[in-house]
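Undergrad: Show me how the following folds:
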Amino acid sequence: MSRTTVATIHMGALRHNLARVRKLAGDAKVMAVVKADAYGHGLERVARALDADAEAFAVAAIADGLRLRAAGHKQRIVVLSGPDTPSDIAEMQRLQLDALIHHDEQLPWLAKADPVRGRLRVWVKIDTGMHRLGFAPGRAREVHAALRAMPAVDDEVGLMTHFASSEDFQGEDTALQIARFREVTEGLSGPRALSNSAAVLGWPDARADWVRTGGILYGLSVVDGKSGADFGFRSAMTLTTRLVAINRLARGERVGYNGTYECPEDMAVGVAAIGYGDGYPRSAAIGTPVLVNGLRASIVGRVSMDLITIDLRNVPAARVGDRVTLWGEGLPVETVAAAAGTISYDLTCGMTRRVLFVEDES
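TA: Numbering: from 1, shown residues only. Take a look at the predicted model:
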């Protein structure tokens, strides 16, 4: 018998979330971030859902750009890591991908590129405070001018930065980054892209020409203690499985590896067909919520590779074969992530190949 672990991707939710982003973004164009296999939701699937309304897609690697072009997508595709080797330039020209330029070694590669292959659209990454990728602010004008002078580079050179803590809507760091970016790019031509998902929600001054949204497109919260639904977004993934056994255990009996849970009374313990081999977090603590036939229950014992065990005292009518929801409507993935000591992105990106993915138009 095949396993019953299913990730349902809600195509209507994806479209709803993009429409919500567009409303929040005002006049800015939307760059839909579909890196990491669209945050675990499926690159081609998500791109198909968003194709009609996203002006651009953003990916982490050229290979993802190739997949999108092979699927027939015509809009701009921005490779957020840019070229990693000189040979990447020709491939990006062939596929008509936008390149993010963020360090000095990339500049001579572009200078030597053959313009006959096509002029490459590029973005300059400016490090305004994240201190991960990007040129120092004081070099923005120099690099911008150098790129515009290169024969193989398109005249429209974009300007981009990345916020370190934009989910803190009252903090000073993002305001300083916005001000720094404006100061060093004043008077330079080309489109601006500052806002990630959190900035779209909390920093209207950062919308500029493009917004670059990932998590909220999938209904994932970018703010601690909040779910995507709190901001008007819908969960795009529902993860479910089935009960494969129900055990009647006596008070004092222990459950799972190392007996980390002791039954406080005589009780029914369900066994569900999901574990860290499917991508469910092994770190999920005792008490992590699940839904059994829509009713709240919780994990007891340790998550194993293939199975979890569930306290069924709140679901006395449960039977083998009943549906178990790990996250989705009624149980935000952020709640599960908090119980596992991680973030929602980590959970949706972590689904393994043995999970069955299905599409739903809701």
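Undergrad: Not counting its own residues, what contacts stretch 206-215?
TA: 21, 25-35, 39, 55-56, 58, 158, 160, 163, 166, 174, 178, 191-197, 199-200, 221-222, 228, 344-345 (CB atoms under 8 Å, 6 or more residues apart in numbering). Where C-beta positions appear, they are placed from N, C-alpha and C, glycine not excepted.
Undergrad: Does residue 179 belong to a helix, a strand or coil?
TA: Following DSSP: H, G, I helix; E, B strand; the rest coil, residue 179 is assigned to helix.
Undergrad: contacting residues for it?
TA: No contacts exist for residue 179 under CB under 8 Å, 6+ apart.
Undergrad: Go again with 10 Å.
TA: By CB atoms under 10 Å, 6 or more residues apart in numbering, the contact list for residue 179 reads 128, 205.
Undergrad: how close does it sit to residue 218?
TA: 30 Å (CB to CB, to the nearest Å).
Undergrad: ok, which stretches of the stretch 101-250 of the chain are helices?
TA: All helices of the stretch 101-250 of the chain, identified by DSSP state H, counting those that start in this stretch, fall at 106-111, 140-148, 173-185, 197-202.
Undergrad: Can you list the buried residues in the strand of greatest length in the chain?
TA: For the chain, the longest strand by residue count, based on DSSP state E, is strand 237-249. Judged by neighbour count (16 or more other CB atoms under 10 Å), strand 237-249 contains these buried residues: 237, 238, 239, 240, 241, 242, 243, 244, 246, 249.
Undergrad: Give me the pLDDT for residue 75.
TA: Reported pLDDT at residue 75 in the predicted model: 97.
Undergrad: likewise residue 291?
TA: On pLDDT, residue 291 comes in at 98.
Undergrad: neighbours of the closest residue in space to residue 20 that isn't next to it in sequence, just the number please.
TA: Of all residues not flanking residue 20 in the chain, residue 232 sits nearest, at 5.4 Å (CB to CB, 6 or more residues apart in numbering). Residue 232 has 14 neighbours, counted by other CB atoms under 10 Å.
Undergrad: Could you look up the SS state of residue 336?
TA: Following three-state DSSP, residue 336 is assigned to helix.
Undergrad: ok, now which ones touch the closest residue to it other than its chain neighbours?
TA: Distances taken as CB to CB, 6+ apart put residue 327 closest to residue 336, at 5.0 Å, once the chain neighbours are dropped. Residues near residue 327 by CB under 10 Å, 6+ apart: 7, 235, 237-240, 280, 289-291, 333-337, 344, 347-348.
Undergrad: Residues in a beta bridge with residue 327, which ones?
TA: For residue 327, the beta-bridge assignment (DSSP bridges) gives partners residue 239.
Undergrad: how far away is it from residue 58?
TA: Distance of residue 327 to residue 58, given as CB to CB: 25 Å.
Undergrad: And the residue nearest to residue 336, how far from residue 21?
TA: Distance from residue 327 to residue 21, by CB to CB: 21 Å.
Undergrad: My guess is residue 248 contacts residue 269. True?
TA: Yes. Between residue 248 and residue 269 there is a contact under CB atoms under 10 Å: 8.0 Å.
Undergrad: who touches both of the two?
TA: By CB under 10 Å, 6+ apart, the residues touching both residue 248 and residue 269 are residue 312.
Undergrad: and residue 138, how many neighbours?
TA: Neighbour count for residue 138, taken as other CB under 10 Å: 9.
Undergrad: nope, residue 283 is what I was after
TA: Applying other CB under 10 Å, I find that residue 283 has 15 neighbouring residues.
Undergrad: Contact partners for the closest residue to it other than its chain neighbours?
TA: Closest residue in space to residue 283, ignoring its immediate chain neighbours: residue 340 at 4.6 Å, by CB to CB, 6+ apart. Contact analysis of residue 340 by CB under 10 Å, 6+ apart lists 280, 281, 282, 283, 284, 285, 288, 299, 303, 346, 347.
Undergrad: ok, back up a step: are any of the contacts of stretch 206-215 buried, and if so which?
TA: 21, 25, 28-35, 39, 56, 58, 158, 160, 163, 166, 174, 178, 192-197, 199-200, 221-222, 228, 344-345.
Undergrad: For residue 306, grab phi and psi.
TA: Per-residue torsions, residue 306: phi -120, psi -10 (degrees, to the nearest 10).
Undergrad: and the gap between it and residue 277?
TA: On the measure of CB to CB, residue 306 and residue 277 end up 6 Å apart.
Undergrad: again with residue 313
TA: From residue 313 across to residue 277, the span is 27 Å (CB to CB).
Undergrad: just residue 203 next, same as before
TA: 40 Å.
Undergrad: Who has more neighbours out of the two?
TA: Each of residue 203 and residue 277 has its neighbours counted (other CB under 10 Å); residue 203 has more, 20 against 17.
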